[in-house]
Each structure stands twice: as C-alpha cells, then as structure tokens.
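Asks: coords please:
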Amino acid sequence: MKLILIFGPQAVGKMTVGQELAKITDLKLFHNHMTIDLVGHFFDYSTKEGKRLVHLFRQEIFEEASKSDMYGMIFTYVWAFNLQDDWDYVNQVSQLFESRGGTVYYVELEADLEERLERNKSDNRLKHKPSKRDIEWSEADLKNSMDSYRLNSLDGEIQYSNYIKINNTKLDAQEVAKIIKQTFHF
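Replies: Now for the predicted structure:
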C-alpha cells in the first residue's frame, strides 16, 4: 500500500495533480474537500463539530485503506508548517500506513500567488469543491491564510525519505503527475 501525500497552499493544484496522477497509475484519489464538503452540508468546517467529523471520516477511510490490498491512495492536504498539530497529524497518518507495511511519499507543491489566484477560479476546482464557489470569500481566505500560516516548507525542513518539492507555477497538472510517477516509480 502506498500513500501519496500531496500538500501545499490553497489553489496550488493538489487535487488537479492528484486527478492526473490517478489517471496514469492505479492510485485512488482522496482529496481533502471530499470530507470537508460532505460535512459542510451539516456543519461548517470552522466549527468544533465540523472539524471532528472531517477528522473522523478521514481516519476511518485511512484505517480501511491502510489494511486493504489496494495499490495505494493519494491524499491532499494544506499543511501549516508553523502549527505543531499539523506536523503531528502528518506523522500520525504516515505512521498508520507504515505500521501496516505501507510506504508514504511526500509531494510538496508550490506556486506563485498570482498563479494560485487564477487556479482558485478554475472550472475543475469549482466543480469538485462546492465550498470554493464563493470566489470573493475563497480569494480572501487564500490571501488571509498567508498572514497566519506558513504553507510551504523551508529548505531542508522536510526530513522524510520519499520527498519531492515541485514548483508548479509554470507546469500543468499532467506534467507534474508524470514527474511524480517517474520520481517514485509508480
């Protein structure tokens, strides 16, 4: 079992790259908004109830996937490097898969703000992420998060094996998926 963790700031292209990677491998895509938007029908993600349910659904899916015979899964995540809770969460998920003989691959994406603001309005993003359809709110959230969170790692900060950082400002999702597939031999 392989877990490919694709992380980076909002609208960097995590889901779209994951979609392309799933097309050229036997990996299944589990993008973070699958749970956020499901729970959002009942509780806003910013609430205690919303966060608890999102975490619960994700954990149950990870539990079952890590025990399964599927080839692997892609999970997308916005990782705040200045929050210990996010480090702990990544370690917890990684340890779950590794404890069952799985291998975790870490793919960090980074892109210029102007490119991310354009991607924030893309048809594919809006189709698959209903909570992002309020463009004014989504753009403000993207910009505001930069004041509170560091959403890309510093050079040398990530010490995991099986790690790659890709600046995809000028790369399309298909190119990035091919780079990931070739780097990790999927």
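Asks: the strands in this structure, which residues?
Replies: Ranges of strands in the chain, per DSSP state E, are 2-7, 28-30, 72-77, 103-110, 163-167.
Asks: quick one, which of the ones you listed is nearest to Gly13?
Replies: strand 103-110 (5.8 Å; C-beta to C-beta). C-betas here are computed from N, CA, C, even on glycine.
Asks: Give me the buried positions along that closest one.
Replies: Neighbour counts using 16 or more other C-beta atoms under 10 Å place Val104, Tyr105, Tyr106, Val107, Glu108, Leu109, Glu110 of strand 103-110 among the buried residues.
Asks: just the angle between that strand and strand 2-7, please?
Replies: On the basis of axes from the mean of the first three to the mean of the last three C-alpha atoms, to 10 degrees, strand 103-110 is oriented at 20 degrees to strand 2-7.
Asks: what's in contact with strand 103-110?
Replies: Strand 103-110 is contacted by residues 1-9, 12-14, 17, 93-94, 97-98, 152-153, 158, 160, 162-169, 176, 180, 184 when judged by C-beta atoms under 8 Å, 6 or more residues apart in numbering.
Asks: Convert the C-alpha atoms of that strand to PDB, please.
Replies: Presented in PDB, the C-alpha positions along strand 103-110 are these (Å, rounded to 0.1, in the frame of the first residue of the first chain):
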ATOM      1  CA  THR A 103       5.100   3.400   2.100                       C
ATOM      2  CA  VAL A 104       4.400   7.100   2.300                       C
ATOM      3  CA  TYR A 105       5.500   9.500  -0.400                       C
ATOM      4  CA  TYR A 106       5.500  13.200   0.200                       C
ATOM      5  CA  VAL A 107       4.900  15.600  -2.600                       C
ATOM      6  CA  GLU A 108       5.000  19.300  -1.900                       C
ATOM      7  CA  LEU A 109       3.700  21.800  -4.400                       C
ATOM      8  CA  GLU A 110       4.400  25.500  -4.500                       C
END
